[in-house]
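In: Just a sequence and a predicted model for now, questions to come.
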Amino acid sequence: MNFQEKINIYHRLECGQANGLCVVIDVLRAFTTAAFAFAKGAQEIILVAEPEDAFRKLSNDRSLILMGEQEGNPIEGFHYGNSPTEISEVSLEGRRLVQRTSSGTQGVVVCPQASFMLISSFVVAEATLKRIVEINPPSVSFIVTGRKNGDEDYALAQYLQKRLLGETVQAQPFLERVLTSPAAARMLTADPKNYKFGKEDLKLSVQIDRFPFAMEVFQSSSGFTARKHLSM
């Protein structure tokens, strides 16, 4: 497939313009955390918009594990926050999770028109590219979810865009944009009473291509569910 002129980048507030295969991006930290959850054995991750949605699902299935945040803070009643460091230290073998975040999962739920959907971060960048090529969609829309236009997410969107267009690019300048982004600064200066993994999470979030799988989202009457996909 020739991807020339078929790739667009939108902020989640512009998601109504997106079409084709939508790649929803949240580098800091939702979809880095999701990737670590899959690496620790999670079977699937249900993506929701509000904490109440997560609690409703938990009331119907007490085996579910809830993870996420609201305005950057842990949600009372959730099992885990929105930290890849925290998730990397637990076993999730065969477990089903529910994730709610202020940016990443919001980008998923506002794109119901997508013909295919992936969620992505730098730790699964190469696998995301492979899955896009396998699907061979008529168009690709990258959805940036970070607040204030999240440069950390634009960095990944632009890196993936250039790779799809066949350009030879070095990853490091794009990773540096993550490290110097306003979102990174907020992580490093957060109140440790609410969030104590800033430095560790930032290091994990720029470990490009750490995992060999993409994260594909399936939509049904019950909502949006992510599962990992290993390309052949």
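Out: That came in fine, so what should we check first?
In: Let me see the mean pLDDT of stretch 41-61.
Out: For stretch 41-61, the mean pLDDT works out to 98.
In: now do stretch 144-160
Out: 92.
In: for stretch 71-90, same thing?
Out: In this model, stretch 71-90 carries a mean pLDDT of 97.
In: From start to finish, how long is it in a straight line?
Out: With Cα to Cα, to the nearest Å as the measure, the first residue of stretch 71-90 is 24 Å from its last.
In: Can you list the buried residues in that stretch?
Out: 72, 74-75, 78, 80-88, 90 (16 or more other Cβ atoms under 10 Å). C-betas here are computed from N, CA, C, even on glycine.
In: What is the nearest of these to Ala49?
Out: When the buried residues of stretch 71-90 are compared for distance to Ala49 (Cβ to Cβ), Ile75 wins out at 13.0 Å.
In: I'd assumed Val98 was in contact with that closest one.
Out: No: with contacts counted by Cβ atoms under 8 Å, Ile75 stays clear of Val98, the gap being 10.9 Å.
In: anything in contact with each of the two?
Out: Any residue near both Ile75 and Val98 by Cβ atoms under 8 Å, 6 or more residues apart in numbering counts here, and that gives 54, 66, 68.
In: Redo these as a markdown table? Include secondary structure.
Out: Putting the shared contacts of Ile75 and Val98 into a markdown table (DSSP: H, G, I helix; E, B strand; the rest coil) gives the following:
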| residue | secondary structure |
| --- | --- |
| Ala54 | helix |
| Leu66 | strand |
| Gly68 | strand |
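In: Show me which of the residues you listed are buried.
Out: Using 16+ other Cβ under 10 Å, the buried ones in the shared contacts of Ile75 and Val98 are 54, 66, 68.
In: and the residue nearest the centre of the chain, which of the three is it?
Out: The residue lying closest to the centre of the chain (Cα atoms, centre = their mean) is Phe31, at 2.4 Å. Going by three-state DSSP, the secondary structure assigned to Phe31 is helix.
In: Next one: Asp53 from Arg100, what distance?
Out: From Asp53 across to Arg100, the span is 7 Å (Cβ to Cβ, to the nearest Å).
In: Looking at the two, which has the bigger crowd around it?
Out: The neighbour count for Asp53 versus Arg100, taken as other Cβ atoms under 10 Å, is higher for Arg100 (27 against 17).
In: pretty sure that one contacts Gln70?
Out: Yes: A contact is recorded between Arg100 and Gln70 when judged using Cβ under 8 Å, the distance being 7.5 Å.
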